[in-house]
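Engineer: Prediction below, plus the sequence it came from.
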Amino acid sequence: MNHPVSSRAALILVDVQPDFMPGGALACHEGDAIVPGIDQLLRRDLFKHVVATQDWHPADHVSFASSHPGREPFDRIPLYGHAQTLWPPHCVQDTPGAELHPSIDWTHLDTVIRKGDDPRVDSYSGFRENHGPHGKRPATPLDEWLRDQGVDEVYVCGLARDVCVLWTAQDAVELGYRTHVLWDLTRPVSPDTDIPTRLRFENMGVDVIESSALD
Ligand code: VGL
Ligand code: ZN
């Protein structure tokens, strides 16, 4: 313990949803291993501000391989001038796999940012959509909400370490937040990405720490 949490810091819990757990539609490697630690962290009540993101797709979402005849999950296709990975259908709106994980006590949550509801555009970061048909990356309400609360520092955890956690932390840095990632409370889709993911965090100025360091 050596890392005091400021009252101007927010915890961002990224996509802690059953579809990203083992047995789910888009399972992360050991994704369920983070659930007890996140529940315990919330019970410690260290953060004045707590936000969750929720992947929330329509059934015909552009990121689903099923929306592209002849394509398989994990194929990459060009989309609006950028590479798009095609995923198995996951986190379909109003299905059990899209719920915030039922084993976590979400009582202390201040707000939920749903993302990926535009059928044409994927949305990895909690702060803004991926590139869309108009070239822009429209903002979600998250940055404005955090600024309204006076937040200048964020701690990011959840799923997936190599996708939505990575993109959320990257946007947080670009938007000027002091940014930490709670490494032990994240897991990747592909574990072979862990070394490059950690380097990417460090190179972009993200402080990678363990949740046990917080007090
Ligand atoms: C995610 C792939 C597709 C994530 C969401 O939460 O990391 N990954 N949709
Ligand atoms: Zn998704």
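Structural biologist: Great, that's in hand. Residues are numbered from 1 along each chain as shown. Ligands and ions are numbered 1, 2, ... in the order given.

Engineer: Now do the helices in this protein.
Structural biologist: 35-44, 142-148, 164-174, 194-203 (DSSP state H).

Engineer: Say whether ligand 1 is contacted by the top strand by length along the chain.
Structural biologist: In the chain, with assignment by DSSP state E, the single longest strand is strand 178-187. No - on the criterion CB under 6 Å from any ligand atom, strand 178-187 is out of touch with ligand 1, staying 9.7 Å away. Using the backbone N, CA and C atoms, a C-beta is placed for each residue, glycine as well.

Engineer: Check which residues of that strand are buried.
Structural biologist: Buried residues in strand 178-187, counted by 16 or more other CB atoms under 10 Å: 178-183, 185-187.

Engineer: Quick one: name the residues of this structure near ligand 1.
Structural biologist: 15, 20, 55, 87, 159-160, 163-164.

Engineer: one step back: can you pick out the most distant pair from the buried residues of strand 178-187?
Structural biologist: Taking CB to CB, the two most distant members of those are 178 and 187; they sit 23.7 Å apart.

Engineer: and the residue lying closest to residue 190 once chain neighbours are set aside, how many residues sit next to it?
Structural biologist: Leaving aside its chain neighbours, residue 190 sits nearest to residue 162 (6.1 Å; criterion: CB to CB, 6 or more residues apart in numbering). Applying other CB atoms under 10 Å, we find 22 residues neighbouring residue 162.

Engineer: quick one, phi psi at residue 162?
Structural biologist: Residue 162 adopts backbone torsions of phi -90, psi 0, taken as degrees, to the nearest 10.

Engineer: hang on, residue 47 packs against residue 9?
Structural biologist: Yes - contact criterion CB atoms under 8 Å: residue 47 and residue 9 qualify, at 6.4 Å.

Engineer: got any residues that touch both of these two?
Structural biologist: Counting by CB atoms under 8 Å, 6 or more residues apart in numbering, the shared contacts of residue 47 and residue 9 are residue 155.

Engineer: so residue 129 touches residue 117, yeah?
Structural biologist: No - using CB under 8 Å, residue 129 makes no contact with residue 117, being 9.7 Å away.

Engineer: ok, those two, which is more surrounded?
Structural biologist: residue 129 (20 against 15).

Engineer: returning to what we had before: list the residues that contact the residue nearest to residue 190.
Structural biologist: 188-190, 193-194, 197.

Engineer: change it to 10 Å
Structural biologist: 28-29, 186-194, 196-197, 200 (CB atoms under 10 Å, 6 or more residues apart in numbering).

Engineer: And for residue 39?
Structural biologist: By CB under 10 Å, 6+ apart, the neighbours of residue 39 are 16, 101, 103-106.

Engineer: and it, what pLDDT?
Structural biologist: At residue 39, the model reports a pLDDT of 97.

Engineer: now residue 59
Structural biologist: pLDDT at residue 59 comes out at 98.

Engineer: what are the phi and psi values for residue 16?
Structural biologist: According to degrees, to the nearest 10, residue 16 has phi -90, psi 80.
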